[in-house]
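Chemist: Below: sequence and its predicted model.
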Amino acid sequence: MTPATSGHQSAQQVADLEGRVRVLVRIPNLQVNSANSPQEDKVEGLRIISAEVSIVEESKEEEEESKEEEEEEEEEEEEEEEEEEEEEEEEEEEEEEEEEEEEEEEEEEEEEEEEEEEEEEEEEEEEEEEEEEEEEEEEEEEEEEEEEEEEEEEEEEEEEE
């Protein structure tokens, strides 16, 4: 913007504002209407600068809002991840408990099997003992029979004599 001869101070202010806005939004040089008076040029320039400043402010607000939204989304994602981790931990704990229960059941089954085997062994031993007793009884009976036969033979011999 060309500074006007009169009102140099306000033109300088306009130029300062214009420079700031250019830096913020990188707008091209402001063009003024040469048909206007220098005062009208200043007013128009101020209007343009003011509009550009409000655009910059709006874009800043939008940036802040989008940053806030991103932060909220990140927080939500973190919360979801934490929840997922907690669920995974719970599942792992449940699996460990199930494994422990299975191990306990297996141990119980093994103990039962051992007990059954012991019982079977005891039964077998008892059967063997019974068989031995029966055999002994049979032997005794046989001996008794033999003795009886011998006695009978002796008696017969005595009678014959």
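Modeler: Nice, I can see it. Numbering: from 1, shown residues only.

Chemist: alpha carbons only for contacts and neighbour counts from here, please
Modeler: Noted.

Chemist: packing partners for the helix or strand hosting residue 148?
Modeler: Assessed by DSSP states H and E, residue 148 sits inside helix 38-160. If contacts are counted by 3 or more Cα pairs under 8 Å, 6 or more residues apart in numbering; DSSP states H and E, helix 38-160 sits against helix 8-25.

Chemist: Check the average confidence over the helix it packs on, would you?
Modeler: Confidence for helix 8-25, expressed as mean pLDDT, is 56.

Chemist: And stretch 61-68, by the same measure?
Modeler: Stretch 61-68 shows an average pLDDT of 88 in the prediction.

Chemist: Check what contacts that stretch and list those residues.
Modeler: Identification of contacts with stretch 61-68 by Cα atoms under 8 Å, 6 or more residues apart in numbering yields no residue at all.

Chemist: Buried residues, that stretch. List them.
Modeler: Using 16 or more other Cα atoms under 10 Å as the test for burial, stretch 61-68 gives no buried residues.

Chemist: Check the gap between residue 64 and residue 72 for me.
Modeler: To residue 72, residue 64 is 12 Å away according to Cα to Cα, to the nearest Å.

Chemist: With residue 153 instead?
Modeler: Taking Cα to Cα, one finds residue 153 at 120 Å from residue 72.

Chemist: cool, and residue 88?
Modeler: With Cα to Cα as the criterion, residue 88 and residue 72 are 24 Å apart.

Chemist: And for residue 150?
Modeler: From residue 150 to residue 72 the distance is 116 Å (Cα to Cα).

Chemist: Same question for residue 86.
Modeler: Taking Cα to Cα, one finds residue 86 at 21 Å from residue 72.

Chemist: again with residue 66
Modeler: From residue 66 to residue 72 the distance is 10 Å (Cα to Cα).
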